[in-house]
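**Q** When you get a sec, could you give me coordinates for this:
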Amino acid sequence: MEHVDFIHLLRLSEQACESDAKGYRRSVWWFAVLGYAVVIVLALMAVGGLGAVAWAAATGRPGGWVIWLGLAALALLWVTLRALVTRFPSPEGYRVTPADAPELFKAIERLRSAVKGPLIDEVVLDASFNAAILQRPRLGWFGHTNHLVIGWPLMCALEPRRLLAVLAHEYGHLRGEHGKFSAWIYRTRSAWWRLQQRYETHQGPLPWLVRGFLAWYVPRFNARTFALARQDEYEADRVAARLCRPDVVAEAWMELEIKSRWYHEVYWPRQWHRALKEARPDPMPHADMVSALLQGPDQAYAERALRQALMRLPSYDDTHPVPRDRLAALGVPPQVPAWSKTPSIALLGRAAPRIAHHFDRQWWQDTRRDWEHHHRHLAACRERARDYRARAADLRAEEWVDWAECLEQLGRDDHAALYEQALEREPGHARALLRLTFARQAAAHPETLVLAERLQALHPQHGYAACRLALDHLDHLEQGGRDAGPSDPAVRRTWRERLAHFERLEASAWASVTATPPCEHLVAPDWTELERRYVVDDLIRRREVVAAWIGGKTVPELPGRVYLVLFIQMRRPDEARGHGLVQQLMESLPFPGRLLVTVVDLFVSEADVRGSAAQAFYRRRKR
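**A** Below you'll find the model as predicted:
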């Protein structure tokens with residue numbers, strides 16, 4: 001199915017959901033039944049074939065055709081049974097029992113009673129900044145088990161009432177008949193996806209037949225059910241708001257948005273900067289994050305992170321509403337909330353230190369060799385910085401930029417002067433001008449507007465970033481920054497008009513990038529060795545990523561830019577975690593506005609990636 005056709009069908013489904021919700025749900029139900037009906041018809045055909053074989057054997061008239069028919073019938077029956085009974089792996093993590101954390105289980109039971117939801121069969125803590133309820137089939141179609149997964153970082157960052165608001169949202173997905181229907185559709189989506197992945201590379205006539213049906217059915221099923229999945233997110237928020245109050249739910253989402261960004265952008269880089277001096281971190285990261293995540297980022301970072309979250313546009317790659325729409329539906333204005341006062345790990349009681357030790361021990365087993373490798377990389381950055389310092393008088397602009405980026409890798413904040421030196425050598429150097437503008441805006445420097453003016457004029461591919469930085473600087477002035485005072489309305493209007501222009505350019509260029517499948521029309525990536533190293537270091541810290549490829553795409557709207565397409569392969573592909581990982585990487589990697597991330601074996605096949613111009617650049621080392 002062509003990507004543009006998929007988007008068209010998805011939009012039609014959204015319109016149908018808005019105009020006639022009941023009729024839309026009926027159409028989704030019938031289309032889901034159609035998929036199972038095809039599988040059942042094939043199963044009956046297989047049983048009929050086996051019956052014909054048995055009849056031929058009983059009447060004493062077997063022939064060569066009987067053997068071939070029997071083999072074909074058995075193969076077809078096996079394929080259909082695998083389609084009807086799809087295995088879902090158990091969630092990984094630390095299994096918590098009521099004896100370990102009685103207060104946590106009491107709180108969960110109160111939520112279950114209020115929602116009138118099903119029992120939770122298992123509570124698992126993992127190392128993600130997330131929470132979810134996963135359903136695994138118990139006996140094919142005959143029941144399922146419910147697994148509540150809570151991230152340890154989430155429990156460190158949120159106080160109990162806000163954590164319970166998040167859990168109430170997850171429980172809201174299972175409320176009443178609508179919740180059961182949506183959960184069934186979600187499990188069906190996952191089952192079809194797993195079946196499609198299973199037969200992606202199988203050879204033979206039957207796998208070819210199955211692949212043909214799945215290639216037609218699965219994209220249409222996903223497009224038809226997208227609106228249902230997104231509406232279900234809003235409904236789950238309403239359930240949480242009814243149980244915990246809208247303001248508590250909104251505060252939980254805003255604190256989660258800000259702290260999760262800080263967790264990936266600041267907390268973990270700080271931990272890995274320690275590799276330069278420490279052979280083994282002490283204290284270990286998961287024990288250390290209890291106090292670090294509760295304290296949270298400074299006010300300036302929090303405001304910037306919230307603004308960036310509110311600017312996020314709805315995407316057809318993710319069924320979750322963007323923060324702006326989610327808060328509007330709750331009727332709560334966006335603002336940086338007061339941070340949680342006590343961590344939710346208090347609900348774990350005496351088990352908390354043991355659980356932190358479990359995650360730290362597992363983390364060190366997984367990353368010990370990568371820690372050593374990162375130590376060597378930081379040492380190389382330090383040596384390169386020393387070399388640049390020794391021959392500073394003869395450096396080219398590109399070398400001044402590399403020196404500054406080495407200092408950034410080392411966690412130093414004295415790199416802005418190096419970008420200035422690069423611009424003295426080459427006044428129009430794009431990367432130096434961009435990075436210096438970022439540095440000046442972060443420091444609320446009065447030179448910010450001058451630099452942003454040059455950046456948008458000389459390099460339209462960075463025009464959107466220049467306008468955003470300029471407006472953020474003006475906002476800082478309005479809110480009483482170091483150079484407080486009202487800004488000139490004409491200046492602000494000029495920058496807003498420029499921003500609108502570049503937003504149209506960016507939207508048009510992004511539409512061109514995403515209009516074709518990720519593997520098509522790839523060119524060589526346009527990135528520096530230090531940027532490649534930065535991405536590798538980021539992927540090293542994400543244990544679920546096992547391999548990565550990268551390619552580039554150009555578009556006529558912004559000819560100065562090469563968009564990067566990052567393909568990542570997960571240890572255990574999962575739709576929900578895949579969406580979360582994509583969002584995190586697009587926000588944390590240093591390629592604002594020019595990075596597209598997709599998951600291999602989830603949104604694109606490994607065979608297509610290997611057959612494209614994408615370059616393999618990372619594979620996790622085996623322990």
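**Q** Only C-alpha atoms from now on, for both contacts and neighbour counts.
**A** Will do.
**Q** All the strands of the protein, residue numbers only.
**A** Assigned by DSSP state E, the strands in the chain fall at 94-96, 122-126, 131-137, 144-151, 545-554, 562-570, 595-600, 615-619.
**Q** Of those, flag the one that's most buried.
**A** Highest mean neighbour count among the strands of the chain (mean count of other Cα atoms under 10 Å): strand 562-570, with a mean of 23.
**Q** Name the residues that touch that strand?
**A** For strand 562-570, the surrounding residues in contact (Cα atoms under 8 Å, 6 or more residues apart in numbering) are 513, 518, 525-526, 544-555, 578, 594-601, 609.
**Q** Tell me the buried residues in stretch 322-340?
**A** Buried residues in stretch 322-340, counted by 16 or more other Cα atoms under 10 Å: 322-327, 329-330, 334, 336-337, 339-340.
**Q** again, but for stretch 342-355
**A** Within stretch 342-355, the residues scored as buried using 16+ other Cα under 10 Å are 342-348, 352, 355.
**Q** Between those residues, which sits nearest residue 46?
**A** Nearest to residue 46 out of those is residue 355 (Cα to Cα; 50.1 Å).
**Q** which residues touch the residue nearest to the closest one when sequence neighbours are not counted?
**A** Distance criterion Cα to Cα, 6 or more residues apart in numbering; nearest residue to residue 355, sequence neighbours excluded, is residue 94 at 7.3 Å. By Cα under 8 Å, 6+ apart, residue 94 lies in contact with 124-126, 355, 358.
**Q** what's the answer for residue 184, then?
**A** Listed by Cα under 8 Å, 6+ apart, the contact set of residue 184 is empty.
**Q** And it, how close does it get to residue 148?
**A** In this view, residue 184 and residue 148 are 17 Å apart by Cα to Cα, to the nearest Å.
**Q** And residue 273, by the same measure?
**A** Relative to residue 148, and taking Cα to Cα, residue 273 is found at 34 Å.
**Q** try residue 565
**A** Applying Cα to Cα, the value for residue 565 to residue 148 is 33 Å.
**Q** Considering the buried residues of stretch 322-340, which is situated nearest to residue 111?
**A** residue 330 (19.5 Å).
**Q** Tell me how far the closest residue in space to the closest one that isn't next to it in sequence lies from residue 332.
**A** Nearest non-adjacent residue to residue 330, counting by Cα to Cα, 6+ apart: residue 246, 5.9 Å away. Taking Cα to Cα as the measure, residue 246 and residue 332 are separated by 7 Å.
**Q** Nearest to residue 10 among the buried residues of stretch 322-340?
**A** For those, the nearest to residue 10 is residue 322 (17.5 Å; Cα to Cα).
**Q** which residue sits closest to the closest one in space, ignoring its chain neighbours?
**A** Leaving aside its sequence neighbours, residue 322 sits nearest to residue 314 (Cα to Cα, 6+ apart; 5.8 Å).
**Q** Please apply the same query to residue 397.
**A** Leaving out its chain neighbours, the residue that sits closest to residue 397 by Cα to Cα, 6+ apart is residue 422, at 4.2 Å.
**Q** Ok, residue 370 next?
**A** Distances taken as Cα to Cα, 6+ apart put residue 540 closest to residue 370, at 6.7 Å, once the chain neighbours are dropped.
**Q** Quick check, pLDDT for the one you found.
**A** Looking at residue 540, its pLDDT is 79.
**Q** So it sits against residue 621, correct?
**A** No. Counting by Cα atoms under 8 Å, residue 540 stays clear of residue 621, with 9.5 Å between them.
**Q** These two: who's more crowded?
**A** A direct count of neighbours by other Cα atoms under 10 Å for residue 540 and residue 621 places residue 540 higher, at 23 against 12.
**Q** which residues does residue 406 contact?
**A** Contacts for residue 406 (Cα under 8 Å, 6+ apart) come out as 381-382, 384-385, 530.
**Q** swap that for residue 451, sorry
**A** Contacts for residue 451 (Cα under 8 Å, 6+ apart) come out as 433, 436-437.
**Q** for residue 553, same thing?
**A** Applying Cα under 8 Å, 6+ apart, one finds that residue 553 lies in contact with 513, 521-523, 525, 562-565.
**Q** my read: residue 543 touches residue 368, true?
**A** No. With contact defined as Cα under 8 Å, residue 543 does not reach residue 368; the gap is 12.0 Å.
**Q** Residues that sit against both of these two, list them.
**A** By Cα under 8 Å, 6+ apart, no residue touches both residue 543 and residue 368.
**Q** The closest residue in space to residue 14 that isn't next to it in sequence and residue 11, how far apart?
**A** Of all residues not flanking residue 14 in the chain, residue 227 sits nearest, at 5.1 Å (Cα to Cα, 6+ apart). Noted for residue 227: a distance of 8 Å to residue 11, by Cα to Cα.
**Q** So which of the two has more stuff around it?
**A** Each of residue 227 and residue 11 has its neighbours counted (other Cα under 10 Å); residue 227 has more, 24 against 17.
**Q** distance of that one from residue 168?
**A** Distance from residue 227 to residue 168, by Cα to Cα: 22 Å.
**Q** swap in residue 47?
**A** Distance of residue 47 to residue 168, given as Cα to Cα: 46 Å.
**Q** of the two, who's got more company?
**A** Taking other Cα under 10 Å, residue 47 and residue 168 do not tie; residue 168 has more neighbours (26 against 17).
**Q** what does the model give that one for pLDDT?
**A** So residue 168 comes in at 92 (pLDDT).
**Q** Got the confidence number for residue 131?
**A** pLDDT recorded at residue 131 is 90.
**Q** One more: the one 3 residues further on?
**A** Here the pLDDT value assigned to residue 134 is 82.
**Q** Touching, it and residue 149? I think so.
**A** Yes. Between residue 134 and residue 149 there is a contact at 7.5 Å, judged by Cα under 8 Å.
**Q** What's the separation between the closest residue to residue 531 other than its chain neighbours and residue 504?
**A** Leaving aside its sequence neighbours, residue 531 sits nearest to residue 590 (Cα to Cα, 6+ apart; 7.7 Å). Applying Cα to Cα, the value for residue 590 to residue 504 is 22 Å.
**Q** now residue 117
**A** Distance check for residue 117 against residue 504: by Cα to Cα, it reads 45 Å.
**Q** try residue 132
**A** Residue 132 is 36 Å from residue 504, where distance means Cα to Cα.
**Q** hang on, the earlier thing: tell me which residues touch the residue nearest to residue 397, please.
**A** Contact analysis of residue 422 by Cα under 8 Å, 6+ apart lists 396-401, 429, 432.
**Q** how close does residue 244 sit to residue 164?
**A** In this view, residue 244 and residue 164 are 8 Å apart by Cα to Cα.
**Q** Mind checking which of those two has more residues around it?
**A** With neighbours defined as other Cα under 10 Å, residue 244 and residue 164 compare such that residue 164 has more, 24 against 19.
**Q** For that one, give its distance to residue 114.
**A** Remark: distance between residue 164 and residue 114 (Cα to Cα) = 12 Å.
**Q** same question, residue 603
**A** Residue 603 sits at a distance of 37 Å from residue 114 (criterion: Cα to Cα).
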